[in-house]
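>>> any chance you can model this:
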Amino acid sequence: MARALASKLAILAALLLLWLAIGGYAAAQEIGIPGFGNLTFFGSANFGILVNEGELGAPVDNDSGVDVDLQNVNSFVGLDYVFDIGDSHKIIARGVYGGDFVSATDSFNETRFDLYWAGVSNGLGALTYGRQPLAFLQYYGLFIDRDQEIYATGYSTPFAGGVTLSDNLIKFASSWGRLEFGVDYQPPGLSSDTAADTRYSVGARYLDLYSRINLGAAADISKTDSGEHVNRFGAAIEYESEQWLVAFGGHVVDDASQHLTKSYNALGIVQFTENNQLHLTASIIDDNDIYDSYYGGGFFLDHRIGSRWTLYTEGALTRAEPAGGGAANVASAVIFGLRYDFGNLWY
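Numbering: from 1, shown residues only. Coordinates of the predicted model:
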């Protein structure tokens, strides 16, 4: 046990040294290419010790016991490209590569996430193509889920019709005063690692109503390769003051199953000091196909050290009763971690 832990700590130290070496270069932020625009590098090295019992949100206990592991938590590197071609038009692009919540001893390739897109922007908005977040995430999901990874509230869990990134997505995003909106289209017949063959997603948010209130809503309509139609609709409201924020949201998933999946979510954020923040999340999922009942809660507490280092702890607890009867499954997870931000992007 001690030898295995020492081996994992050695791997962690080596990975952190590698990321810090890269960070010395990435900290330059923006690199100008004379006549060909600017590149901005960013990234995050994020590792921690995970203690979990069972699978969060699972309706049935898998009897796995308590597990302790060294984890990479959403570490990534990426770059932005901007090239001003005149007449208020710019060519824009982004690429991100990283490992999405995998054991530090595993390869990024096993559960990696990639994000890459390119397009053009002007005074009317931005038109991009590639692997991108859906409008459902941007205009609904971010209202109710701003933690890192360990506890996704309802809208992104596989048990509630998860929505994450989509390949070959054509996206248009714009704004008009305080109103921001976006439209997505995924054409049929293109290669994709998602289940959707054709997809439409739209969303909008209105900011600073009465200087405190933000509103958001989104819809995601897709057809799978097998011909099944999946429709998602969500809306959220947020109230923000100088030192705290509270948000509530709900969404519904209509698919081929017998019952609708409904999820109700809440998020609270308290800014104790400039360097300390607490997130509290809660979720209820109503879906008689999977659950008789589902309740979940989570937290995220961080402490920033300077402009780049962050110590944090993040955890969650879920209680689920399977549809059709059976014992309730209680699962928990907590992670103690350290993050180093190279650049100016964290999402």
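>>> any idea what Ile49 is bridged to?
Ile49 forms beta bridges with Leu70, Phe336, as assigned by DSSP bridges.
>>> cool, Tyr81 as well?
Tyr81 has the following beta-bridge partners by DSSP bridges: Leu39, Ala93.
>>> my read: it touches Gly37, true?
Yes - assessed by CB atoms under 8 Å, Tyr81 is found in contact with Gly37 at 6.1 Å. Every residue, glycine included, has its C-beta placed from N, CA and C.
>>> what touches both of the two?
Counting by CB atoms under 8 Å, 6 or more residues apart in numbering, the contacts common to Tyr81 and Gly37 are Ile91.
>>> avg pLDDT for the helix or strand harbouring Thr318?
Assigned by DSSP states H and E, Thr318 belongs to strand 309-322. Here strand 309-322 scores 90 as its mean pLDDT.
>>> what's the answer for stretch 85-97, then?
Per-residue pLDDT values across stretch 85-97 average out to 90.
>>> what does stretch 337-347 give?
The pLDDT scores in stretch 337-347 average 70.
>>> what pairs with the strand holding Thr318, parallel or antiparallel?
strand 291-305 (antiparallel), strand 329-341 (antiparallel).
>>> let me have those strands in a markdown table, extended by mean neighbour count.
Below are the strands paired with strand 309-322 laid out as a markdown table (neighbours: other CB atoms under 10 Å):
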| stretch | mean neighbour count |
| --- | --- |
| strand 291-305 | 18 |
| strand 329-341 | 19 |
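>>> ok, Leu311 - contacts?
Here Leu311 is in contact with 302-303, 305, 337-338 (CB under 8 Å, 6+ apart).
>>> how about those residues, which pair is most distant?
Ile305 and Gly337 (13.0 Å; CB to CB).
>>> list the buried ones in stretch 35-44?
Using 16 or more other CB atoms under 10 Å as the test for burial, stretch 35-44 gives 37, 39-44.
>>> show me the shaky parts of the stretch 101-250 of the chain.
Applying pLDDT under 70 to the stretch 101-250 of the chain flags the ranges 101-113, 147-164, 189-196.
>>> all helices of the protein, in order?
For the chain, the helices defined by DSSP state H cover 2-26, 108-111, 135-136, 142-144.
>>> who touches the shortest one?
Read that as helix 135-136. Here helix 135-136 makes contact (CB under 8 Å, 6+ apart) with 155, 163, 171, 173, 182-184, 201-203, 218-220, 232, 234.
>>> do that again at 10 Å, thanks
Under the criterion CB atoms under 10 Å, 6 or more residues apart in numbering, residues 141, 155-156, 163-164, 166, 169, 171-173, 181-184, 199-205, 217-221, 232-234, 251 lie in contact with helix 135-136.
>>> now intersect the residues you listed with the strands, please.
With DSSP state E as the criterion, strands contain 166, 169, 171-173, 181-184, 199-205, 217-221, 232-234, 251 from among the contacts of helix 135-136.
>>> quick check on the closest residue to Phe83 other than its chain neighbours: phi, psi?
Excluding the flanking residues, the one nearest Phe83 by CB to CB, 6 or more residues apart in numbering is Gly37, at 3.0 Å. In terms of degrees, to the nearest 10, the main-chain angles of Gly37 are phi 90, psi -160.
>>> residues contacting Gly37?
Contacts of Gly37 (CB under 10 Å, 6+ apart): 31, 81-85, 90-93.
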